[in-house]
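Undergrad: give me a 3D structure for the following:
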Amino acid sequence: MESAKLLERTPQSKAWYERALHSMPLGVGSSFQMGDPYPIYLSHGQGSRVWDVDGNEYVDTHGGFGCMVYGHAHPKIVEAISRAASRGTHFAAPTPETVELAEVICDRYSMDQIRFCNSGTEATMTAVRIARAHTGRDHIVKAEGSYHGHHDTVMFSVVPGADMLGGRDQPASTPMSLGTPKWLADYTHVVPFNDLVVLERLLDERGGEIACMILEPVMMNIGIAEPLPGYLQGLKDLLAKHGVVLIFDEVKTGTSLAPGGAADRYGVRPDLTCLAKATFGGTPGAAFGGRADIMGSIERGAAQQGTFNGNPLVAAAALAALTEVLTPDAYAYLAQLGTRLATGCQAAIDAHGIVAHTVDLGAKGCVSYRATPLTNYRDFLDTNLDLYAASYPWMVNRGIFMTPGDEEQWTISVQHTDADIDRYIDAFGDLCAALAG
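TA: Residues are numbered from 1 along each chain as shown. Purely as a prediction, here's the structure:
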């Protein structure tokens, strides 16, 4: 019934989808944008709201897959982009703004040096290359069920089904995509998140071959799984013992969880960090950086290029976002709103006996349809996908724009209000009542 209602409300999205199928596979610019039976096509956004092509207005908790913690068309970012555009949008040459942004990011995230690129995929791809160049080793390690972009090396064990996991003590390296070279599976090793025993065994056996481990310090490809106490520090110590570079993929967490990202929040500093999404003011920017001795591999012959790297338009947006919008007061406000949202949703869950729990990480949070918190990917396989499938059309029909996948999270912005949060809680409370019958 709710799905039928959603289709009735979005005929223009259907029309755009049918048109887009002629020029784009699946009718979208990225496969993550797919919907069932079609995605909602948006026309514009302002503040905490977005509007679809049918004129429906929504409170936006999608946030451009976590990018828009400053909300849509924030005046300071609009001003910065407009000013930069009036002076020239691209040069493929160094600019003062690029240097200023590099200094701000190095200071904010306690890095020695950084390099710019254009997406999270580019950041993780090049960080892995730099780690390989620094160590002279070819193998890498990643956590089971984590997504680090769509380059071949990390396209293993991203969303494997239960029949493709391998043993708990030796997870399988299962490719996510057709076209991934089969031989790469021998070079990408998979370990469970929040498990140091399996990692230590792998390092004892193969540590001399392993260049790096890439990790989301808070796993966000399965809803949200936080690191257990001591896990991140223990992992860092184990890797250092074997000369393995620790890379934090902070594409999702880097600017949303704390001013200095998850490394700041949990007090563990990696060797290299990858940033994108919310760090760059809603523009297609990214960066990676860390220890000067590792970054020095670029000066010694490790390739890192890009025509649009450090683009002045992106640099202007990111500078405004980091220095004028995402201030300490902004993080305090996001924490207050996030707690209000998670607490309200948990109260509804408890009142109606729904098998679910909430996670509150400030601007980021989620409802996970499982009784207890997730610790790893295999826990995620126990979540109730039917409840999520029911929640998506229900919430969208009541004016809450959400991410289209059960593995995603909400993102709130500095332009959201208590009234926006209450609208979400009210709609979710009604959903819980309906599910309880």
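Undergrad: so what touches the helix-or-strand element of the chain with minimal mean pLDDT?
TA: None of the helices or strands of the chain scores lower by mean pLDDT, DSSP states H and E than strand 166-167, at a mean of 84. Strand 166-167 is contacted from outside by 172, 174, 190, using CB atoms under 8 Å, 6 or more residues apart in numbering. The way it works is simple: take the backbone N, C-alpha and C, and place the C-beta from them, glycine included.
Undergrad: poorly predicted segments of the stretch 151-300 of the chain, please.
TA: Scanning the stretch 151-300 of the chain for pLDDT under 70 picks out nothing.
Undergrad: which residue ranges form the helices in it?
TA: Counting by DSSP state H, counting those that start in this stretch, the stretch 151-300 of the chain has helices at residues 196-206, 231-241, 261-266, 292-295.
Undergrad: quick one: contacts of the last one?
TA: Spelled out, that is helix 292-295. Applying CB under 8 Å, 6+ apart, the contact partners of helix 292-295 are 112-115, 130-131, 134, 245, 271-272, 289.
Undergrad: cutoff 7 Å now
TA: 112-113, 130-131, 134, 245, 271-272, 289 (CB atoms under 7 Å, 6 or more residues apart in numbering).
Undergrad: quick one: which of these is nearest Glu216?
TA: Nearest to Glu216 out of the contacts of helix 292-295 is Leu272 (CB to CB; 13.6 Å).
Undergrad: okay, now the closest one: neighbour count?
TA: Neighbour count of Leu272, defined by other CB atoms under 10 Å: 27.
Undergrad: which residues touch the nearest residue to it once chain neighbours are set aside?
TA: Nearest residue to Leu272, sequence neighbours excluded (CB to CB, 6 or more residues apart in numbering): Gly290, at 3.9 Å. Contacts for Gly290 (CB under 7 Å, 6+ apart) come out as 111-112, 270-273.
Undergrad: how about the helix or strand that contains Trp394: buried residues?
TA: Assigned by DSSP states H and E, Trp394 falls within helix 385-397. Under the neighbour-count criterion of 16 or more other CB atoms under 10 Å, helix 385-397 has 387-388, 390-397 buried.
Undergrad: do the same with stretch 42-61
TA: Using 16+ other CB under 10 Å as the test for burial, stretch 42-61 gives 42, 45, 47-54, 56, 58-61.
Undergrad: run through who's touching that stretch.
TA: 9-13, 16, 40-41, 71-73, 399-402, 410-413, 415-417, 420, 423-424.
Undergrad: recalculate using a threshold of 6 Å.
TA: Here stretch 42-61 makes contact (CB atoms under 6 Å, 6 or more residues apart in numbering) with 9-10, 12-13, 40-41, 71-73, 399-402, 410, 413, 415-416, 420, 423.
Undergrad: CSV for the contacts of helix 292-295, including distance to Met34?
TA: Below are the contacts of helix 292-295 laid out as CSV (distance: CB to CB, whole Å):
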residue, distance to Met34
Asp112, 40
Gln113, 38
Ile130, 33
Ala131, 32
His134, 38
Val245, 34
Asp271, 35
Leu272, 32
Gly289, 33
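Undergrad: select only the buried ones of the residues you listed in PyMOL?
TA: Selection of buried members from the contacts of helix 292-295 for PyMOL, criterion 16+ other CB under 10 Å:
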select buried, resi 113+130+131+134+245+271+272+289
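Undergrad: out of the contacts of helix 292-295, flag the one nearest to Pro229.
TA: Nearest to Pro229 among those, counting by CB to CB, is Asp271 at 21.8 Å.
Undergrad: distance of that closest one from Ser297?
TA: 12 Å (CB to CB, to the nearest Å).
Undergrad: check Ile105 too.
TA: Ile105 sits 19 Å away from Ser297, going by CB to CB.
Undergrad: okay, those two: which has more neighbours?
TA: Ile105 (23 against 18).
Undergrad: residue contacts, the residue nearest in space to the middle of the chain?
TA: Residue closest to the average C-alpha location in the chain (CA atoms, centre = their mean): Lys252, at 3.0 Å. By CB under 6 Å, 6+ apart, Lys252 lies in contact with 66, 220.
Undergrad: got the phi/psi numbers for it?
TA: Backbone geometry at Lys252, expressed as degrees, to the nearest 10, gives phi -90, psi -30.
Undergrad: give the closest residue to Gly405 in space, chain neighbours not counted.
TA: That would be Phe32: by CB to CB, 6+ apart, it lies 7.5 Å from Gly405.
Undergrad: so that neighbour: helix, strand or coil?
TA: Following DSSP: H, G, I helix; E, B strand; the rest coil, the label given to Phe32 is helix.
Undergrad: how many neighbours does it have?
TA: By other CB under 10 Å, the residues close to Phe32 number 14.
Undergrad: for it, give its distance to Ser13.
TA: 17 Å.
Undergrad: follow-up on the earlier one: looking at the contacts of strand 166-167, which is nearest Asp138?
TA: Using CB to CB, these come closest to Asp138 at Val190, 16.1 Å.
Undergrad: and the longest helix seen in the chain, which residues are buried?
TA: Taking DSSP state H as the assignment, the helix of the chain that covers the most residues is helix 328-352. The neighbour-count check on helix 328-352 (16+ other CB under 10 Å) flags 330-331, 333-334, 337-338, 340-342, 344-346, 348-349, 352 as buried.
Undergrad: now swap in stretch 303-320 and tell me
TA: For stretch 303-320, by 16+ other CB under 10 Å, it's 304, 306, 309-320.
Undergrad: nearest to Arg265 among those?
TA: Using CB to CB, the buried residues of stretch 303-320 come closest to Arg265 at Ala318, 20.6 Å.
Undergrad: could you find the closest non-adjacent residue to that closest one?
TA: Closest to Ala318 by CB to CB, 6+ apart is Phe280, at 4.5 Å.
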